[in-house]
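*Asks:* Build me a model from this:
(chains A and B)
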Amino acid sequence: MQRQLANMKQSLFDQGYLDEQFIQLEELQDDTNPNFVEEVVTLYYRDSVRLIQNIEHALDKNPLDFAKLDSHMHQFKGSSSSIGARKVKIECTQFREYCRAGNGEGCKRTFQQVKKEYATLKKKLEAYFQFARQAGPVEKACRPK
Amino acid sequence: MAVDEMGSNCSSSGAQELHVLAVDDSLVDRKVIERLLKISCCKVTAVESGSRALQYLGLDGERSSVEFDELKVNLIMTDYSMPGMTGFELLKKIKGSSRLREIPVVIMSSENVLARIDRCLEEGAEEFLVKPVKLSDVERLRDFILRGEDKNKTEITRKRKTHDDSFSPPSASSPSSHKCDHPLSPISVSAVPHQRLPKRPKLMLATN
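*Replies:* Predicted coordinates for the structure are as follows:
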């Protein structure tokens, strides 16, 4: 089962959903904090609901306040980057570029992509963590000290 | 804001525990920086804003600055972009306080903007870390601050002398400690009174 879990994880990386930061988080797990990554990811999904809503409301305004949109997205991008959400981060970057260009349609279009990637990653990570729990605790290699 | 217990590998070295005040408006980032610091054997107090940080440090004018030992902060790590007071503004307030200005302040930012970095360093920031912050960054910082603290203690009292000489940072064997050998990058321009951390080459690279 461990091998299946490793394959699951590898494919998340191969398909570009996750980046190096996810690995950095895994390195912070140990016996005293065995579920740290799942906790952070859970916190991210809970906390970012608010950030996404902020962006959604801001996109409903007319005219658009691009500075505000950019600021909201900066926050959301930051959190996404902190968990290693690579594809989400890429869409966030694109969104910010449209903000700077004052391109409202581009922002709205890209925001749909942001939400799509966000939702897709959520499903994949939920499946991954659930499987990890079933597979049982991994024999953690010691961090070099 | 409770100060939690250490990870299992921190207990027995007898080395001084640094108390770090972490300031970040992002819940996720606070959780991560807290973990990074605890793993690096630091006590952590994490707050969500510059004004909370000033409150904690007793600089908000609302309570007397009575100093208790357990509140002593050895390092402040603050996010740059925060609503209300930015990390830069917080930095200025700290450096503008005769009581607090000696506390090293590190700025963290996801945006790798040279002008911003320069401004922070000129204002007295010890280091500018590009987010997401890594364990190697925190360990390097900790070692640097510990060396400074050890130097102060040795000058003030000889009691701690015996363990200073033999103190080797836990991360000495990890690759991250080699980054401390890098020379200062050309962007570290300004005259800051205390010793500057060597800049990581990463700061020079353009990020998306």
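
*Asks:* could you pull out the helices for chain A?
*Replies:* Assignment of helices within chain A using DSSP state H yields the ranges A:2-14, A:20-26, A:36-60, A:66-83, A:86-100, A:104-135.

*Asks:* so what secondary structure elements neighbour the shortest one?
*Replies:* Read it as helix A:20-26. Packed against helix A:20-26 by the contact rule (3 or more C-beta pairs under 8 Å, 6 or more residues apart in numbering or on different chains; DSSP states H and E) you find helix A:36-60, helix A:66-83. No exception for glycine: its C-beta is placed from N, CA and C like everyone else's.

*Asks:* on that earlier part again, can I get the helices of chain A in JSON lines with mean pLDDT and mean neighbour count?
*Replies:* What follows is the helices of chain A, written out as JSON lines (pLDDT from 0 to 100; neighbours: other C-beta atoms under 10 Å in any protein chain shown):
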{"stretch": "helix A:2-14", "mean pLDDT": "93", "mean neighbour count": "13"}
{"stretch": "helix A:20-26", "mean pLDDT": "97", "mean neighbour count": "18"}
{"stretch": "helix A:36-60", "mean pLDDT": "97", "mean neighbour count": "17"}
{"stretch": "helix A:66-83", "mean pLDDT": "96", "mean neighbour count": "21"}
{"stretch": "helix A:86-100", "mean pLDDT": "98", "mean neighbour count": "21"}
{"stretch": "helix A:104-135", "mean pLDDT": "96", "mean neighbour count": "16"}
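
*Asks:* could you dump those to CSV with distance to residue B:55?
*Replies:* Output for the helices of chain A, formatted as CSV (distance: least, C-beta to C-beta, whole Å):
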stretch, distance to residue B:55
helix A:2-14, 41
helix A:20-26, 30
helix A:36-60, 23
helix A:66-83, 23
helix A:86-100, 32
helix A:104-135, 34
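
*Asks:* Residue B:97: which of the ones you listed is closest?
*Replies:* Set against residue B:97 and scored by C-beta to C-beta, the helices of chain A come closest in helix A:66-83, at 28.3 Å.

*Asks:* list the helices and strands that closest one packs on?
*Replies:* Taking 3+ C-beta pairs under 8 Å, 6+ apart as the contact definition, the neighbouring helices and strands of helix A:66-83 are helix A:20-26, helix A:36-60, helix A:86-100, helix A:104-135, helix B:27-39.

*Asks:* who's in contact with that helix?
*Replies:* For helix A:66-83, the external contacting residues (C-beta atoms under 8 Å, 6 or more residues apart in numbering or on different chains) are A:21-22, A:25, A:40-41, A:44, A:47-48, A:51-52, A:54-55, A:58-59, A:88-89, A:92-93, A:95-96, A:99-100, A:102, A:107, A:114, A:118, B:25-26, B:28-29, B:32, B:81, B:110, B:131-132.

*Asks:* ok so, going back, using JSON lines, lay out the helices and strands packed on helix A:66-83 together with distance to residue A:8.
*Replies:* Written out in JSON lines, the entries for those read as follows (distance: least, C-beta to C-beta, whole Å):
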{"stretch": "helix A:20-26", "distance to residue A:8": "13"}
{"stretch": "helix A:36-60", "distance to residue A:8": "14"}
{"stretch": "helix A:86-100", "distance to residue A:8": "16"}
{"stretch": "helix A:104-135", "distance to residue A:8": "5"}
{"stretch": "helix B:27-39", "distance to residue A:8": "23"}
